[in-house]
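>>> what's the 3D shape of this:
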Amino acid sequence: MIGRGEDSAVCSGNSEIKSRAVVKYSAAPPPTSYALLQEKTDLKLPPANWLRENPQLGSAGTTILGSSSKSKPFSSFGMAYDFIDCIGDDVDVVSDSENIKKLLKIPYSKSHVSMAVHRVGRTLLLDELDIQELFMRSSQTGDWTWLKEFYQRLVDQKWQRKKKSKEHWYQKAILSKFLYYSINGDGAAEPVQNDLNEGEEENGAEEFSSSWPTTFTSTSSDAEESDPPNMFALGQVTSIPKEQNLPMLFNEGENSQGLRNDFVRNIMWTFEDIHMLVGSNMPIFGGGRYPAVSLRLRDNNKPINILTGIDYWLDNLMCNVPELVMCFHVNGIVQKYEMIKTEDIPHLENSTFSTRVVKDIAQNILSFLKSNCTKEGHTYWLFKASGSDIVKLYDLTTLCEEAEEEKCQNPFTLPVAVLLYKVASNLMLKARQNRKHYGTIRTLLLNCVKLLDQERHPQIIASAHYILSELFQLDEPPQEDGEESLRAGGSEDSYSDEDREEEEEEEAELTEDSDENSSYSSQDDSKAVAVIRSVGELSVPEKYKSTHQIRPSCAFPVSQDKEEKCRHVLSYVLKGLKAVDGTIKKESDLPAADPNTPIPLKYEDRSAIGACAAETGISLLLERAGPLQADQKHPTRSGMLPGSWQHRMKLQLFLKASKAYYVLSDAATNLLKYGRALRYIKLSLQCYDAYCSVSGTLHPQVLQFHSQCLSLCGDIQLMLAQNAKNRAAYLEEYSYQTKEDQEILHSLHRESSCQAFNMATDLAMDPEYQLFVSSKCYEAAYELLVSEALKDHASDQLAQVLKRLGNIRNEMGVYHMNQAAAMQTEKVKRSVSVAEQEMWKKSFAFFEKGMKDFEAIGDRTNTALLLCNTGRLMRICAQAHCAISADQSRGEFSPEEALYYNKAIDYYLRAIKSLASRESHSAVWDSVNWELSTTYFTLATLLQDYAPLSRKAQEQIEREVTEAMMKSLKYCDLQTESARQPLYQYRAATIHHRLASMYHSCFRNQVGDEHLRKQHRSLAELHYSKAVCLFLSLKDAPCELLRTLLERVAFAEFTMAGQSSSAAKLKSLTGAIEIMTETRYAFQLIHNELLEDFGQPFSGSHTSPDVASAPPSGLNLEEVMKLIGVFEPSFSFLLLQLIKLMTTMKRKPSNKDEELLKTYKNVYSKLLRAEKNAPLLSRVKLHIELLQQLTSQTGSDDTGTVQ
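A predicted model of the protein is given here:
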């Protein structure tokens, strides 16, 4: 039964001692009243119930030892296993109550003390080490031979077994009978024949039993064994994914060596500031004024001594018993009873002792042990010879190593290692909430592994390495403040003493006394770690202080570098795999592989392999990706049986390795090391393949992780396709392998050929094949996420995979579209080839699929981009359908071109509709706008330049051109400031110029309809003026500005030709001259560009650059020469006509008119005299000067000067 916690403070008479006891566990029934024996009862006669098992007496009931004074060598471990939460942090000491009493009586007693001490964190485990009994066994087991030799050499030269007296057994027997009488209540019990002999046989069995450590099969203990729900250490390994089952480690019975908690009750006892977990078998009875009393039997002829008094007092304190009932006898005949309060025990006659001194002894012994038992996993031996005042502490582990004995020669090795493992496992559960335990867990496990031999204990070693690998969280973002909290924990074999003051204060505490504590050693004691020279020192308050501060020399690695973390994980995984593989003996069935020989990672040029040939690989990939249905029942490839510990451990280790390689691959991808990333994702998928080979079923979390791996693999293949120029470097990265990776691969190959994902992870040389593989990886990841197993999980992940699918389909569509465009430029014949059409179909199909993917996740921006790309594809189709005549010149605009251009426009309009507004994504919106404007402009230009007059009327074509041009103008965003603004301005100017030219042409060719001519004339004027305004705002289009102005002048000249009156003609000519003066700005720009291009200012001797030697600039010199060839005669003609008209005017000219005429004549004269073969720069300069002269006379705005 589990007893309820009983809290109380039992104080001594002077109220100096604080004691609090809480029962953590009790197998005894509630206390019942004891039977008050009649006077003269003969205790030498056994009662009828003697030696029958009784829950009231607990384990004392099966022996004649009474309240068992002999504890088992591993009793503290049994308690530690049951209360693993307390170990390492909350509790100072775990031990049998008898051992605690023995330690606290050292200054008062001459008897020998021999105890094994082990440290786990700040907890010390104390167990009796019965040297005589162990040495009696050494001849049978051979376990302690080295210790026996050491003992004889250093401690007792002439060791021999000391037999216990008959008096000792007599006292034990009557105590046992007394207790049975007390629960029986029958004072006139009949004697039982030969019982004493049976008792002696029982005693012999207890003393000399060869099954050491002993097992105990009491029902209550069995029930208790399986009872505590928090006990999972030896049975389980912590696993980070909460949903996965923790793998069972090993069977309690086989590997715990039957180490059980045999005590009737376990008590958390706080004595002053010392917290102890103690085991007690003391029978407790009810009755009297208090609910609990302890029963004691005393010989009336022998007074109670101080040792007995301390014994009784401590027992009552530990068990929280407020009263003691003492039965006095003479030669086994009951005389009387006496009741004594617990707080009065220290003041009994002949056994007076100071409780304060006992407290000082406890604190000194604890400080002495904590200061000197510093190495975790080591077995220390606290020894005081009988009659000696000197207490010595030896490190048996070190002595054992010096004796060159095997690790297994120390029987404490396995229980200690198991305890370290259990504490670490238990802390691992807490570590989810508080990562400060990580350093401690690492220390515990490294010490555990150090103690064990891999051949004998592969299970614990494999499990320990798995937990070590779990300490490194691979899926958490780096924590800025994480470094502080993770630094907890000491070196591999020592702990920081958390209860100490700061280091500076400790230095001051190293007084002469404390130096003497550990510095004493004589020649004989050279093997001792520490010595207490006299037991009297233990009574001196604070004589011993725990001055030994162990600083962490090997703190938990907290590197934020992912690669370093993963390498730690993989090193632990490899050690775990080696431990597991060492237990599987079916080597002959395995393919021969040398772990030191690299396993080649193939790469192939897949350019010759089409999509069909790769389908086999894809089906394999999807087959591995899908959830497995049936549980495996047959052995795995290496001979492991499903359900065995090896099977469970390999599953966890394979998955952990796969995750570590995934993180490495992701990190390499971020560093743009795509060859390395592909190598790591290959290893990750090989680990997963081995996991699938071993696992019967795949949990949703595992499938989800696998879809992430496939998705990352797709990313890497896409990046490799996009960065083909670095292929040599990537190949080198891909081919490199570490020894660790080779060894892990070797272990994987014991379970699987690891070929399932080769198609996805090979480094191909063909970008198209890489894109194909990438798309198949994403498709497999998608299939996995929408499968039955995962359809209710990971919607975020599904959205990411759909986005990637849309992206790769866009990439493949663009790839095929570019291939089609390349074919178009290379072909000699202008007819559309079958190969081109195939490319269009493929590209269009990928764009369609990509749009569906983006629409499925509501990604309007990317949908718009794919619609935009589809529009571009339609334009490429249109370009391929342009008609070519026999002489290779461009034919009329064909209906097929019109069809595809209109389809392109439809896709661009859909893209704009998808975006809805510029705010949704300005860059994409601007791009679509530009493409739409360009398409309308191209359509209009082709209609205008290559008018399909064979199919349509001129007027219809003009209407269509005007409509397309105006729509193009509609999508020219002239207001928004952006990098494209100058392009929009140039296009708008070009549109106005083209429309003006078209209306100009219509005006010239139109006959008859005067209203229509007037309309065309006004529209031409409007568009010319708008074109000039826009070209003037641009600094880099002087030729276009000059051409527009010259066309406008020509338009004015044509208008003048139809006029009859002189006044109207003069007005038209003056307007034309004013338009001509505006060309000065264009010539100014041309002049400046010529100066920049030739790098020197104009001089008379400057040689003219001809067109052939034109500098590499934006200025088209050939175009400039043509325009000047048009400008000069036009300018000359206008001046001549003006001079003629003004000279022949009938009305008298004003002064202003005369001045103008004079200027015109002067300019005309200079123009005629100009050298026709003069350098271009000088001709441009002359034109600027002449135009400047006219500008100042006509009153036009001055727009610039010649530098």
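>>> those strands in the stretch 51-200 of the chain, which residues are they?
Ranges of strands in the stretch 51-200 of the chain, per DSSP state E, counting those that start in this stretch, are 93-96, 113-120, 123-128.
>>> Check which helices and strands the shortest one sits against.
In terms of contacts (3 or more CB pairs under 8 Å, 6 or more residues apart in numbering; DSSP states H and E), strand 93-96 is packed against helix 75-82, strand 123-128, strand 274-280. All C-beta atoms are positioned from the backbone trio N, CA, C, and that covers glycine.
>>> tell me the mean pLDDT over the first one?
Going back to what we said before, that points to helix 75-82. Helix 75-82 shows a mean pLDDT of 84.
>>> Extract the C-alpha trace of that helix and format it as CSV.
Only the C-alpha atoms of helix 75-82 are listed here, as CSV (Å, rounded to 0.1, in the frame of the first residue of the first chain):
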residue,chain,number,x,y,z
SER,A,75,19.7,-1.5,-1.4
SER,A,76,20.2,2.2,-2.2
PHE,A,77,19.9,1.5,-5.9
GLY,A,78,16.6,-0.2,-5.5
MET,A,79,15.3,3.0,-3.8
ALA,A,80,16.9,5.3,-6.3
TYR,A,81,15.3,3.4,-9.2
ASP,A,82,11.9,3.8,-7.6
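>>> picking that back up, relative to R809, which of the strands of the stretch 51-200 of the chain is closest?
Across the strands of the stretch 51-200 of the chain, R809 has its closest neighbour in strand 113-120 (59.1 Å, CB to CB).
>>> Pull up the pairing partners for that closest one, direction included.
strand 123-128 (antiparallel), strand 379-384 (antiparallel) (DSSP bridges).
>>> ok, Q879 to V834 distance?
Distance, Q879 to V834, by CB to CB, to the nearest Å: 18 Å.
>>> When those two are compared, which one has more neighbours?
The neighbour comparison of Q879 against V834 (other CB atoms under 10 Å) goes to Q879, with 16 against 7.
>>> before we move on, the earlier item: dump the helices and strands packed on strand 93-96 into CSV; add distance to H1000 and mean neighbour count as well.
Conversion of these to CSV gives the following (distance: least, CB to CB, whole Å; neighbours: other CB atoms under 10 Å):
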stretch, distance to H1000, mean neighbour count
helix 75-82, 103, 27
strand 123-128, 103, 24
strand 274-280, 105, 23
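>>> ok, back up a step: quick check: which of the strands of the stretch 51-200 of the chain is nearest to T342?
Proximity to T342 (CB to CB) singles out strand 93-96 among the strands of the stretch 51-200 of the chain, at 20.4 Å.
>>> so S539 makes contact with K105?
No - using CB atoms under 8 Å, S539 makes no contact with K105, being 11.7 Å away.
>>> More neighbours: which of the two?
Taking other CB under 10 Å, S539 and K105 do not tie; K105 has more neighbours (21 against 18).
>>> Now the phi/psi pair for that one, please.
Main-chain torsions, K105, degrees, to the nearest 10: phi -100, psi 0.
>>> I'd like the helices and strands packed on strand 93-96 written out as JSON lines, with distance to P31 added.
Output for these, formatted as JSON lines (distance: least, CB to CB, whole Å):
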{"stretch": "helix 75-82", "distance to P31": "22"}
{"stretch": "strand 123-128", "distance to P31": "28"}
{"stretch": "strand 274-280", "distance to P31": "14"}
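>>> Of these, give the one that comes closest to A690.
Taking CB to CB, helix 75-82 is the member of the helices and strands packed on strand 93-96 nearest to A690, at 34.3 Å.
>>> Who are the packing partners of that closest one?
The helices and strands touching helix 75-82, judged by 3+ CB pairs under 8 Å, 6+ apart, are strand 93-96, strand 123-128, strand 274-280, helix 413-431.
>>> right, and the helix or strand after the longest one?
Later in the chain than helix 413-431, the nearest helix or strand by DSSP states H and E is helix 438-451.
>>> Please identify the helix or strand for the nearest residue to L1167 once chain neighbours are set aside.
Of all residues not flanking L1167 in the chain, S1132 sits nearest, at 5.6 Å (CB to CB, 6 or more residues apart in numbering). Here S1132 sits within helix 1117-1143, counting by DSSP H and E.
>>> Specify the angle between the helix or strand following that helix and helix 1117-1143 in degrees.
The helix or strand immediately downstream of helix 1117-1143 is helix 1151-1169, counting by DSSP H and E. Relative orientation of helix 1151-1169 versus helix 1117-1143 (axes from the mean of the first three to the mean of the last three CA atoms, to 10 degrees): 140 degrees.
>>> Quick one: list the elements packing against helix 1151-1169.
If you count contacts as 3+ CB pairs under 8 Å, 6+ apart, helix 1151-1169 packs onto helix 1117-1143, helix 1176-1194.
>>> closest to E39 out of these?
In terms of CB to CB, the element of the helices and strands packed on helix 1151-1169 nearest to E39 is helix 1117-1143, at 140.5 Å.
>>> Show me what counts as buried in that closest one.
Judged by neighbour count using 16 or more other CB atoms under 10 Å, the buried positions of helix 1117-1143 are 1117, 1120, 1123-1124, 1127-1128, 1130-1131, 1134-1135, 1137-1139, 1141-1142.
>>> ok, now stretch 729-746?
Y730, E733, Y734, D741, Q742, E743, I744, L745, H746.
>>> would TSV of those with distance to L382 be doable?
Shown next, in TSV, are the buried residues of stretch 729-746 (distance: CB to CB, whole Å):
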residue	distance to L382
Y730	64
E733	59
Y734	60
D741	49
Q742	49
E743	44
I744	45
L745	50
H746	48
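>>> related to what we said a few turns ago, want to throw the helices and strands packed on helix 75-82 into CSV with distance to L1069 and mean pLDDT?
Output for those, formatted as CSV (distance: least, CB to CB, whole Å; pLDDT from 0 to 100):
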stretch, distance to L1069, mean pLDDT
strand 93-96, 119, 91
strand 123-128, 114, 89
strand 274-280, 116, 90
helix 413-431, 97, 81
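>>> Quick one: the ones you listed as JSON lines, columns for distance to E1074 too.
Shown next, in JSON lines, are the helices and strands packed on helix 75-82 (distance: least, CB to CB, whole Å):
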{"stretch": "strand 93-96", "distance to E1074": "110"}
{"stretch": "strand 123-128", "distance to E1074": "105"}
{"stretch": "strand 274-280", "distance to E1074": "107"}
{"stretch": "helix 413-431", "distance to E1074": "89"}
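>>> so which of the ones you listed gets nearest T440?
The nearest among the helices and strands packed on helix 75-82, by CB to CB, is helix 413-431 at 6.2 Å.
>>> Report the angle between that closest one and strand 113-120.
Going by the same axes, to 10 degrees, helix 413-431 is angled at 40 degrees with respect to strand 113-120.
>>> If we go by neighbour counts, what in helix 413-431 is buried?
Buried residues in helix 413-431, defined by neighbour count with 16+ other CB under 10 Å: 413-429, 431.
>>> Now do L790 against A780, distance only.
In terms of CB to CB, L790 sits 13 Å off from A780.
>>> Actually, P700.
Separation of P700 from A780 (CB to CB): 16 Å.
>>> For the helix or strand where R648 lies, enumerate the helices and strands it packs against.
Element membership for R648 (DSSP H and E) is helix 645-670. Where contact means 3+ CB pairs under 8 Å, 6+ apart, helix 645-670 is packed against helix 458-470, helix 562-581, helix 674-694, helix 700-722.
>>> Export those as a markdown table, with columns for mean neighbour count, distance to N320 and mean pLDDT.
Shown next, in a markdown table, are the helices and strands packed on helix 645-670 (neighbours: other CB atoms under 10 Å; distance: least, CB to CB, whole Å; pLDDT from 0 to 100):
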| stretch | mean neighbour count | distance to N320 | mean pLDDT |
| --- | --- | --- | --- |
| helix 458-470 | 26 | 37 | 88 |
| helix 562-581 | 21 | 46 | 88 |
| helix 674-694 | 26 | 53 | 91 |
| helix 700-722 | 23 | 48 | 90 |
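>>> In TSV, list the ones you listed along with distance to F74.
Output for those, formatted as TSV (distance: least, CB to CB, whole Å):
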stretch	distance to F74
helix 458-470	17
helix 562-581	25
helix 674-694	36
helix 700-722	40
